[in-house]
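> quick check, what structure comes out for this input:
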Amino acid sequence: MEPLAERMRPRTLADYSGQKHLVGEGAILRRMIDSGHLSSIILWGPPGVGKTTLAKIISQHLNRPFFTLSAISSGVKEVREVIDKAKNSRFFNNDSAILFIDEIHRFSKSQQDSLLAAVEEGIVTLIGATTENPSFEVISPLLSRCQVYVLKSLNHDDLMALTHRVITTDEVLKNLNIKITEEAALVRYSGGDARKLLNIIELVVNSQIGQDEIVINDKNVVDNLQMSPAVYDKNGEMHYDIISAFIKSIRGSDPDAAVYWLARMIEGGEDPKFIARRLVISASEDIGLANPNALLIANQAFDAVNKIGWPEGRIALSEAAIYLATSPKSNSAYNAINQAIAFVKETGNLPVPLHLRNAPTNLMEKLNYGRDYKYAHDFPGHFVVQQYLPDEIASKRFYYAQENAAEQRHAELQKQLWGEYKK
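Coordinates of the predicted model:
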């Protein structure tokens, strides 16, 4: 018999769990589906939130030919073969076929290039699914031809609604006397992943087959998960918990903990590029200007993973993790940009001072664009006091140096240059 997760795969939007912001009544993707006018899209979200299921539902709803490729097992040859099939299918259907590519972030540049013309000419309507940020993994020409929709992890209500639907409608479970007396562990270890939820339910139910009453409670969930370590895979809750522990260990300057959590991810089969990206983020957010070399080291580790591959890439990741953990810490750059963005949202588009504007035409020169601008290199020390912010906020500050040697040196230089102008 098919696994529970496959038996319960939704066939219509009415049975689809979560993502109300996209497919609920009146939501943007729902309107597109109902109108029958579907553009190429990329569904970005964590595992188990319904990306593949949604693609199949869309195809069935629109009654279009549906082709599937897996980035893991397909090459340029397979892509071209599917595109040829899609061309032929248009003789029988006015609408373009839907091409669903699972894990599109794993497609190489050449594979993605081979899709461009077919997407642009409307031979296929592309639906890509990815767990990784498309802006990192999908080439710009293809990304510009697709609308990206972000799918969210299922929340508590979504998970419990799915649980009750499963035990009352599944062809097997509906015939059993199943009682849910506690739900905290079920929700926690599902980690917002519908597939994980169904696997846990199936595991707990199977452990009690033959009993008059099957009970799902916190103890039964935890006990069964401990006996089945495979349930803790890299795509579930542990994925997010361990990367969180890894980054917090670096932020807390504990290299031993950082290496331990790194090892946990390596042994769990985590994508090395995912780890490397998080190191780059940590270098900017948590070390920042206290040690600018941290960002260079993190980027070099990322490059090393791409160049030398696995398993040797683990050494570069370890070096970067230890370097970041043992570096002085500062989040001043992180705070500065967050405060500046919040301020821009509050104050809107303040005008650029005239002396800072570009003057490529005679009219702009007559309007005093660029007049009175002082070219810093023409002054002693390559510096001159001059206003660079809009008039309304001329003295506003966003960056404040923190208590570390590198930033204190920068702060002292700023004081010498600006004096009373910037207090």
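> the nearest residue to residue 113 once chain neighbours are set aside: neighbour count?
Sequence neighbours aside, residue 139 is the residue nearest to residue 113 in space, at 7.0 Å (criterion: CB to CB, 6 or more residues apart in numbering). Backbone N, C-alpha and C define where each C-beta goes, glycine included. If you count neighbours by other CB atoms under 10 Å, residue 139 ends up with 17.
> which pLDDT value belongs to residue 323?
Predicted confidence (pLDDT) for residue 323: 93.
> likewise residue 21?
90.
> same check on the one 3 residues further on?
Confidence per residue is given as pLDDT, and for residue 24 that number is 86.
> ramachandran angles for it?
Note on residue 24: backbone dihedrals following degrees, to the nearest 10 are phi -70, psi 170.
> how many residues are close by it?
Residue 24 - counted by other CB under 10 Å - has 14 other residues nearby.
> residue contacts, it?
Taking CB atoms under 8 Å, 6 or more residues apart in numbering, we find residue 24 in contact with residue 30.
> show the average pLDDT along the helix or strand in which residue 247 is found.
Following DSSP states H and E, one finds residue 247 within helix 237-251. Throughout helix 237-251, pLDDT has a mean value of 82.
> same question for stretch 404-414.
Rounded mean pLDDT across stretch 404-414 is 82.
> which residues sit against that stretch?
In contact with stretch 404-414 (CB under 8 Å, 6+ apart) are residues 289, 290, 291, 292, 328, 329, 330, 332, 401, 422.
> any of the residues you listed buried? List them.
289, 290, 291, 328, 329, 330, 332, 401 (16 or more other CB atoms under 10 Å).
> send the alpha carbons of the helix holding residue 247 over as PDB?
Provided in PDB are the C-alpha atoms of helix 237-251 (Å, rounded to 0.1, in the frame of the first residue of the first chain):
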ATOM      1  CA  GLU A 237      12.700  20.900  11.900                       C
ATOM      2  CA  MET A 238      16.200  19.800  12.700                       C
ATOM      3  CA  HIS A 239      17.400  21.600   9.600                       C
ATOM      4  CA  TYR A 240      16.300  24.900  11.100                       C
ATOM      5  CA  ASP A 241      17.200  24.100  14.700                       C
ATOM      6  CA  ILE A 242      20.700  23.100  13.900                       C
ATOM      7  CA  ILE A 243      21.600  25.900  11.600                       C
ATOM      8  CA  SER A 244      20.200  28.200  14.300                       C
ATOM      9  CA  ALA A 245      22.400  26.600  16.900                       C
ATOM     10  CA  PHE A 246      25.400  26.900  14.500                       C
ATOM     11  CA  ILE A 247      25.000  30.600  13.900                       C
ATOM     12  CA  LYS A 248      24.300  31.400  17.600                       C
ATOM     13  CA  SER A 249      27.400  29.400  18.600                       C
ATOM     14  CA  ILE A 250      29.500  31.600  16.200                       C
ATOM     15  CA  ARG A 251      27.800  34.800  17.500                       C
END
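> chain center to that helix, what's the gap?
Relative to its parent chain, helix 237-251 has a centroid offset of 15 Å by CA atoms, centre = their mean, to the nearest Å.
> what ranges do the strands span in the stretch 1-150 of the chain?
Ranges of strands within the stretch 1-150 of the chain are 41-44, 66-70, 97-102, 124-130, 147-150, based on DSSP state E, counting those that start in this stretch.
> could you identify which of these has the lowest mean pLDDT?
Looking at the strands of the stretch 1-150 of the chain, the bottom one is strand 66-70 with a mean of 81.
> and the angle for that one with strand 124-130?
40 degrees (axes from the mean of the first three to the mean of the last three CA atoms, to 10 degrees).
> would you mind listing the buried residues in strand 66-70?
For strand 66-70, by 16+ other CB under 10 Å, it's 66, 67, 68, 69.
> pull up the pairing partners for that strand, direction included.
Strand 66-70 sits in its sheet next to strand 97-102 (parallel), going by DSSP bridges.
> how far does the strand it pairs with sit from the chain's center?
For strand 97-102, the distance to the chain centre is 21 Å (CA atoms, centre = their mean).
> just put the buried residues of strand 66-70 in CSV and tack on distance to residue 175.
Below are these laid out as CSV (distance: CB to CB, whole Å):
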residue, distance to residue 175
66, 33
67, 37
68, 33
69, 38
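> may I see the buried residues of stretch 59-76?
59, 62, 64, 65, 66, 67, 68, 69, 71, 74.
> cool, and stretch 389-404?
Residues of stretch 389-404 classed as buried by neighbour count (16+ other CB under 10 Å): 398, 399, 401, 402, 404.
> for residue 410, see how far away the last one is.
Yep, that's residue 404 we're talking about. Look at residue 404 and residue 410: by CB to CB, to the nearest Å, they are 10 Å apart.
> same thing with residue 299?
In terms of CB to CB, residue 299 sits 22 Å off from residue 410.
> between the buried residues of stretch 59-76, which sits nearest residue 309?
Closest approach to residue 309 among the buried residues of stretch 59-76 (CB to CB): residue 71, at 17.4 Å.
> report pLDDT for that closest one.
68.
> likewise residue 371?
Looking at residue 371, its pLDDT stands at 84.
> residues contacting it?
Neighbouring residues of residue 371 by CB under 8 Å, 6+ apart: 354, 355, 359, 365.
> now with 10 Å?
Residue 371 makes contact with 354, 355, 357, 359, 365 under the criterion CB atoms under 10 Å, 6 or more residues apart in numbering.
> can you give me the helices for the stretch 151-300 of the chain?
Here the stretch 151-300 of the chain has its helices, by DSSP state H, counting those that start in this stretch, at 156-169, 184-190, 194-206, 218-227, 237-251, 255-267, 272-282, 293-308.
> mind putting the ones you listed into CSV with distance to residue 108?
Shown next, in CSV, are the helices of the stretch 151-300 of the chain (distance: least, CB to CB, whole Å):
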stretch, distance to residue 108
helix 156-169, 35
helix 184-190, 33
helix 194-206, 27
helix 218-227, 37
helix 237-251, 24
helix 255-267, 24
helix 272-282, 13
helix 293-308, 12
